[in-house]
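*Asks:* sequence first, predicted model second:
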Amino acid sequence: MLSQEDNELLCRVGPGTPMGDLMRQYWIPAARSDELPAPNGPPLRVRLLGESLIAFRVTSGKVGLIANSCPHRGASLFYGRNESEGLRCVYHGWKFDVAGSCIDMPSEPPESNFKHKVRAIAYPCVERGGIIWTYMGARETPPPLPDLEANMAPECRVTTMIRDCNYMQALEGDIDTVHFAFLHMGHLALEDTYEGNFLHYQVKDRAPRYAVTDTEFGTCYGAYRPAEEDTYYWRFANFLFPFYTQIPPGTLVVNRGFRAWVPMDDEHTMFFGIAATPAGGVTVAPERSKRQDVDARRGSSQRAGLGITEMLPDTTDWYGRSRPKADASNDYLLDREKVQRGESYTGLPSVVLEDQAITESMGPIYNRSQEHLGTSDIMIIRTRLRLIRAAQALRDKGEIPPGVDQPEFYRQRSGGVILPRSVDWFEATRDLRKAFVEYPEAFVLETIGERRPT
Amino acid sequence: MALWRSGRRNIDELNAWQKADEFSTLLHEMGSELYIGRDKEWLLYLLDKAGRLMRDALEEGWNRAYLAEYLLGISEALTFGALVDYYLVFLRHEGYLTVERAHEVEGKLSDLQNTLTALAGRLREDLRASPEGTPASFP
């Protein structure tokens, strides 16, 4: 439950809003690099924090992100000509470079100096790890990029998907650990799991206990359940300011990944999933079910048991990028027969679409004044409070929010681990939760209880 | 009796537990004074429960085999404290709590959280020094 006032503060991200101002303190993923594949190629419509922007890659390869409306007469620069280090408005020929400077104004007399007086709103961009990052804040010199391990790995995978709802309800799905055992794995029985496997413990006990703590980067939770007689199975997950998550599936010491819930505007979010393979090539599968393995042996299309999320071709619409075929208009391709057959808890095509359908079903901006959060929702509660208080502190006292000037705060990992009951959960995992560390396979197996599914 | 607890007192003699117990009582009293409408009665139930869970988490941790599990109990108590914190913000914001009452309850919560955080810090030091724990720093 949240008052309407706090809910507005939490969810609204446009220019001049407290949360929008907070987010503008940070670098923000604007698009995938491969969405602008070639210099002088077609510009791209990008909605970001309630602003309509045009991204373009100029001749030298640099990326610009400029306000949609030409500062001359307001025509859309999406129709602009991307030529020779700048984007030219086709209405009267005004041309802008990546910094927003007007570098040509052929409609004015040659002796006019007017072009030097005109600037388009433009935000600096850098590229790293397949992402175009932008800084929409007020600083002359932007802060450093966050040290997010997967984004700095030699090889990483970037996936994107639009979600038709506010960023916060999408993000809250990631830090709501209990839903995994119901929404995604509710159809599994204990006999579908391998004894000693993480999934076994989750299905055996679907109501874990929690320890949630504030951290320098945001919030962290450890959810624990009994594993063996003298051990607990722990799942760690993080929220990192202002909209990143690291989710608990997988193995703590192996996971390299993070997720970004980037607000396009108050009612649309672009999800960025970034994953990297460990440098040592250590791979373990601590959360496989017997059903998944049967599917795999049959060559089933159910990729890794997580299902397939088919995507539509991108369009040039503001909301036309990274859109799944299954959406609210077709009930997310719900197949209730799959539920009857016991193949799925929901009948939805994939784990991703289960999250998508459920969070979108809450409405464009969820009205939190009507909800009933209980003791298993404490990570959500804690995270909301941190965000709200940080936005208030910035608004009222000019306090810079966490991590803006501390890129090292982002060197974190999440995932599962088996711990003896005799060790302090927080201290024992302090080093394991740190990013940029490689571990030998034997150690990795030890952290998952020395059991490897066969 | 686990090694780390050998010769130690009962939980109800410990300062942190006493504060948690007092806070639980305070929350209960606050709940019985408030009228926030039937549609929000669940909130008072939850606050009352969270207060009791803070105390019970300490007690449960204390009764487990390892010092680390007592620490875990303290972490859980702090976690339930976060739930109380969140709903107090709501009650104050919506005008259900007077400023004085809100200050009183929030002050007690803050004091309890500080006590638990400090206790956890001391116990962590003990645990680092001796994994099975022979704490020298019980309040």
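*Replies:* Ah, there it is.
*Asks:* near chain A, which residues of chain B?
*Replies:* Counting by C-beta under 8 Å from any C-beta of the partner chain, the residues of chain B lying close to chain A are B:40, B:42-43, B:46, B:49-50, B:53, B:64-66, B:68-69, B:71-72, B:75-76, B:78-80, B:82-83, B:85-87, B:89-90, B:93-94, B:124, B:127-128, B:131-132. Glycine gets a C-beta too; all of them are placed from N, C-alpha and C.
*Asks:* now the buried members of those.
*Replies:* For the residues of chain B next to chain A, a neighbour count by 16 or more other C-beta atoms under 10 Å in any protein chain shown gives the buried set as B:40, B:43, B:46, B:49-50, B:53, B:65-66, B:68-69, B:71-72, B:75-76, B:78-80, B:82-83, B:85-87, B:89-90, B:124, B:127.
*Asks:* any idea whether the closest residue to chain B within the stretch 201-350 of chain A is helix, strand or coil?
*Replies:* Going by C-beta to the nearest C-beta, chain B is nearest to A:A211 of the stretch 201-350 of chain A, at 3.8 Å. Classification of A:A211 using DSSP: H, G, I helix; E, B strand; the rest coil returns strand.
*Asks:* my guess is it meets B:L72, correct?
*Replies:* Yes: using C-beta atoms under 8 Å, A:A211 makes contact with B:L72 at a distance of 6.6 Å.
*Asks:* give me the common contacts of the two.
*Replies:* Common contacts of A:A211 and B:L72 (C-beta atoms under 8 Å, 6 or more residues apart in numbering or on different chains): A:224, A:425.
*Asks:* quick check: which ranges of the stretch 51-200 of chain A have low pLDDT?
*Replies:* Low-confidence segments of the stretch 51-200 of chain A, defined by pLDDT under 70, are absent.
*Asks:* and it, which residues reach chain B?
*Replies:* Counting by C-beta under 8 Å from any C-beta, no residue of the stretch 51-200 of chain A is near chain B.
*Asks:* all strands of the stretch 51-200 of chain A, in order?
*Replies:* Along the stretch 51-200 of chain A, the segments classed as strands by DSSP state E, counting those that start in this stretch run A:51-57, A:63-67, A:81-83, A:86-88, A:95-96, A:102-104, A:122-123, A:125-128, A:131-135, A:156-163.
*Asks:* so the last one versus strand A:131-135, what angle?
*Replies:* When you say that, I think you mean strand A:156-163. Angle of strand A:156-163 versus strand A:131-135, following axes from the mean of the first three to the mean of the last three C-alpha atoms, to 10 degrees, is 70 degrees.
*Asks:* can I get strand A:156-163 in PDB, CA atoms only?
*Replies:* Output of strand A:156-163 as PDB, limited to C-alpha atoms (Å, rounded to 0.1, in the frame of the first residue of the first chain):
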ATOM      1  CA  CYS A 156      28.000 -10.100 -23.800                       C
ATOM      2  CA  ARG A 157      24.500 -10.600 -25.100                       C
ATOM      3  CA  VAL A 158      22.000  -7.700 -25.000                       C
ATOM      4  CA  THR A 159      18.300  -8.400 -25.500                       C
ATOM      5  CA  THR A 160      15.500  -5.900 -25.300                       C
ATOM      6  CA  MET A 161      11.700  -6.000 -25.000                       C
ATOM      7  CA  ILE A 162       9.100  -3.400 -24.600                       C
ATOM      8  CA  ARG A 163       6.700  -3.700 -21.700                       C
END
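*Asks:* what does it contact?
*Replies:* Outside strand A:156-163, the residues that reach it (C-beta under 8 Å, 6+ apart) are A:32-33, A:129-131, A:150, A:170, A:256, A:261, A:264, A:268-276, A:309, A:311, A:319, A:321-324, A:352, A:356, A:359-360.
*Asks:* PyMOL command to pick out the buried ones of those residues?
*Replies:* To isolate the buried members of these in PyMOL, using 16+ other C-beta under 10 Å:
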select buried, chain A and resi 32+33+129+130+131+150+170+256+261+264+268+269+270+271+272+273+274+275+276+309+319+321+322+323+324+352+356+359+360
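*Asks:* ok, A:F443 - contacts?
*Replies:* A:V253.
*Asks:* contacting residues around B:Y87?
*Replies:* B:Y87 touches A:1, B:43, B:46-47, B:50, counting by C-beta under 8 Å, 6+ apart.
*Asks:* how about a cut-off of 7 Å?
*Replies:* B:Y87 sits next to B:43, B:46-47 when contact means C-beta atoms under 7 Å, 6 or more residues apart in numbering or on different chains.
*Asks:* so, low pLDDT: which residues of chain B?
*Replies:* B:1-3, B:6-8, B:131-139.
*Asks:* if you count neighbours, what's buried in the longest helix along it?
*Replies:* Counting residues, the longest helix found in chain B (DSSP state H) is helix B:99-129. For helix B:99-129, burial by neighbour count (16+ other C-beta under 10 Å) applies to B:101-102, B:105-106, B:109, B:112-113, B:115-116, B:119-120, B:123-124, B:126-127.
*Asks:* and that helix, what does it pack against?
*Replies:* Packing partners of helix B:99-129 (3 or more C-beta pairs under 7 Å, 6 or more residues apart in numbering or on different chains; DSSP states H and E): helix B:15-33, helix B:67-93.
*Asks:* could you redo the last one with a cut-off of 8 Å?
*Replies:* Here helix B:99-129 touches helix A:425-428, helix B:15-33, helix B:67-93, going by 3 or more C-beta pairs under 8 Å, 6 or more residues apart in numbering or on different chains; DSSP states H and E.
*Asks:* so which of the ones you listed is nearest A:P15?
*Replies:* Of all those, it is helix B:67-93 that lies closest to A:P15, at 25.5 Å by C-beta to C-beta.
*Asks:* which parts of the stretch 351-454 of chain A sit against chain B?
*Replies:* Going by C-beta under 8 Å from any C-beta, the residues of the stretch 351-454 of chain A near chain B are A:372-375, A:378, A:381-382, A:384-385, A:421-427.
*Asks:* which members of those residues are positioned in strands?
*Replies:* The members of these all map outside strands under DSSP state E.
*Asks:* can you flag the buried ones in these?
*Replies:* A:373, A:375, A:378, A:381-382, A:384-385, A:421-426.
*Asks:* ok, back up a step: now tabulate the strands of the stretch 51-200 of chain A in TSV and tack on distance to A:Q340.
*Replies:* Formatted as TSV, the strands of the stretch 51-200 of chain A follow (distance: least, C-beta to C-beta, whole Å):
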stretch	distance to A:Q340
strand A:51-57	45
strand A:63-67	49
strand A:81-83	53
strand A:86-88	54
strand A:95-96	58
strand A:102-104	63
strand A:122-123	51
strand A:125-128	47
strand A:131-135	42
strand A:156-163	28
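*Asks:* find the centremost residue of chain B, please.
*Replies:* The structure's chain B has its C-alpha centroid closest to B:M54; by C-alpha atoms, centre = their mean the separation is 3.6 Å.
*Asks:* now do the contacts for that residue.
*Replies:* Per C-beta under 8 Å, 6+ apart, neighbours of B:M54: B:20, B:23-24, B:77, B:80-81, B:84, B:112.
*Asks:* which helix in chain A has the most residues?
*Replies:* helix A:378-397.
*Asks:* tell me what that one is packed against?
*Replies:* Going by 3+ C-beta pairs under 8 Å, 6+ apart, helix A:378-397 lies up against helix A:4-11, helix A:18-23, helix A:167-174, strand A:209-214, strand A:218-226, strand A:231-240, helix B:67-93.
*Asks:* and of the ones you listed, who's closest to A:F409?
*Replies:* That would be strand A:231-240 among the helices and strands packed on helix A:378-397, by C-beta to C-beta, at 7.5 Å.
*Asks:* show me what the closest one is packed against.
*Replies:* If you count contacts as 3+ C-beta pairs under 8 Å, 6+ apart, strand A:231-240 packs onto helix A:167-174, helix A:198-204, strand A:218-226, strand A:244-246, helix A:378-397, strand A:415-420.
*Asks:* domain parsing for chain A?
*Replies:* Domain ranges of chain A: A:27-135, A:149-447, per automatic domain parsing.
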